[in-house]
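[1] How does the following fold in three dimensions:
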Amino acid sequence: MKKFDVSFSIVCGILVAELVNNFYGFNLGIFGWILFLILPVISLFCLWLMEIIGQKYLFIFQAGKHVLVGVFATIVDLKSFLFLAWFFPGLYQLSSIIIKTLSFILAIIIKYVGNKFWTFQKTEEGISRKEFTKFLITNSIGLVIDVLTFYILTKVLGQQFGISFLLWEKLSILISAILAGVWNFCGDKFFVFKK
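    This next block holds a predicted model:
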């Protein structure tokens, strides 16, 4: 594996550990510190495993990289939203949607650059308006898939299998994100960054 692959997967593992530690709003104690050791190792191991499988099936390694770029961009989206809300409290009180739009734009730029140059390694050309537009279209459809799936699972179907609504809602978020992620990967690979 390249040095950047190793470094980026470790950083993503650390960021996920930090997010988990802060997500619930209470101290996870020693378990929280263990996450900072385990998650970077798991992230690195998974990317290494996908690289090995990717020697035969390239899309597997690309999918692993795509997931890491998505995780990194999502955390940047969340953290930049929180930072901007803290740094510009007047703007946040006026409209949190403006701040969310700015953090989302930053995340989209990170996803575009990360997937173009790292995941799919399209380094022969610079950033093109046409390609970025295709990327935005693909990701917008992914957003619709995510929100629509969540809506269907929570509002149309409602909780299933005797699971509490709170757990069903979290499962719905996960299922929606997975479906949108599969769409985004396929769209990026076969439409946006195809060779």
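[2] Name the residues of the helix or strand hosting residue 32 that are buried.
    Using DSSP states H and E, residue 32 sits in helix 30-54. Buried residues in helix 30-54, counting neighbours by 16 or more other C-beta atoms under 10 Å, are found at 32, 35, 39-40, 43-44, 47-48, 50-51, 54. In short, each C-beta sits where N, CA and C put it, glycine included.
[3] from memory residue 62 sits against residue 189, does it?
    Yes: between residue 62 and residue 189 a contact is recorded at 6.5 Å, counting by C-beta atoms under 8 Å.
[4] what sits in contact with each of those two?
    residue 120 (C-beta atoms under 8 Å, 6 or more residues apart in numbering).
[5] most remote residue from the chain's center?
    For the chain, the residue at maximal distance from the C-alpha centroid (C-alpha atoms, centre = their mean) is residue 162, at 29.7 Å.
[6] Can you tell me how far that residue is from residue 168?
    Using C-beta to C-beta, to the nearest Å, residue 162 is found at 10 Å from residue 168.
[7] How about residue 38?
    Going from residue 38 to residue 168 by C-beta to C-beta gives 28 Å.
[8] got it, and residue 16?
    Distance, residue 16 to residue 168, using C-beta to C-beta: 23 Å.
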